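Participant: sharing a sequence plus its predicted fold:
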Amino acid sequence: MAAERVQKLLASAGLASRRTAEEWIRAGRVRIDGRVAVLGERADPAQQAVTVDGRRVRLAAPVWWAVHKPRGVLTTVRDTGGRRTVMDLLGGVREYVYPVGRLDYDTEGLLLLTNDGDLAAQLTHPRHGVERSYEARVAGIPDAEAIERLKKGIPLDGHRTLPADVVLVNEGRRDGAGILRLTIREGRNRQVRRMCEAVGHPVQKLRRTRIGPLGDRRLKPGEWRELSEDEIRAIRKAVERPRPLRAGARPRGASSR
């Protein structure tokens, strides 16, 4: 293979996300032919000895897993406080994988894990506009005005969110809580929760049901399965072409909901 930037190489090998790989390089944990690597440097693992903490890096075959993350589980590889993470759910998985994007501690639902650094980076990059769908139980029944505000976009951190698809699925019920189905195309910090709070209907329970072309309502909290080749091809197709943003909108990084 041709020489690649070291952080990209480590991500492609399934050892870490690019951000984490950059931290490893800055910390001096990565070496090329015995010398400390420099951020941005290129290397070819077929011709050079690239190591992390003394262990040689070897490219791994890409694998993808779908997990139904329960509430009360962290979306991270490890937690110094000893709290439960999504990695604790994957008993028997031998490959090193890491979460693609995030779901916050109190949100459940579909989460992908992989060692395919390149495709994971594309899937989470804002310019591709890959849709994420959620089902939210909110306080009170949102009226037509609130729904329209959510659809058009809510100002957050000085910038309006991109237009969203929003449907109230329990209109007319009198149980005091509304059920919304929302599809967004960006990933600001806790975006769905903040959008609903902005229209006066705080989220009581939130579940992600779909990422781009992928969804699996059969998975119960804590369950996981490997993606099929057809599903992986569908992911690749979803990120083939960047999706245009609304005029004047600024892309934001993918994060938790």
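Facilitator: Done, it's in.

Participant: all contacts plus neighbour counts: C-alpha atoms, from now on.
Facilitator: Will do.

Participant: residue 26 and residue 39 touch, don't they?
Facilitator: Yes. Residue 26 is within contact range of residue 39, at 6.8 Å (criterion: C-alpha atoms under 8 Å).

Participant: more crowded one of those two?
Facilitator: Neighbour tally, residue 26 and residue 39, criterion other C-alpha atoms under 10 Å: the higher count belongs to residue 39, 17 against 14.

Participant: hmm, that one is touching residue 6, no?
Facilitator: Yes. With contact defined as C-alpha under 8 Å, residue 39 and residue 6 form a contacting pair (7.3 Å).

Participant: which residues are in contact with the nearest residue to residue 184 once chain neighbours are set aside?
Facilitator: Excluding the flanking residues, the one nearest residue 184 by C-alpha to C-alpha, 6 or more residues apart in numbering is residue 164, at 5.0 Å. By C-alpha atoms under 8 Å, 6 or more residues apart in numbering, the contact set of residue 164 is 150-153, 182-185.

Participant: kindly report the same for residue 3.
Facilitator: 42-45 are the contacts of residue 3 under C-alpha under 8 Å, 6+ apart.

Participant: now swap in residue 203 and tell me
Facilitator: 136-139, 193, 196-197.

Participant: just residue 49 next, same as before
Facilitator: Per C-alpha under 8 Å, 6+ apart, neighbours of residue 49: 31-34, 56-57.

Participant: quick one: buried ones out of those residues?
Facilitator: Taking 16 or more other C-alpha atoms under 10 Å as the criterion, what is buried in the contacts of residue 49 is 31-32, 57.

Participant: just put those in a markdown table and tack on secondary structure.
Facilitator: Below are these laid out as a markdown table (DSSP: H, G, I helix; E, B strand; the rest coil):
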| residue | secondary structure |
| --- | --- |
| 31 | strand |
| 32 | strand |
| 57 | coil |
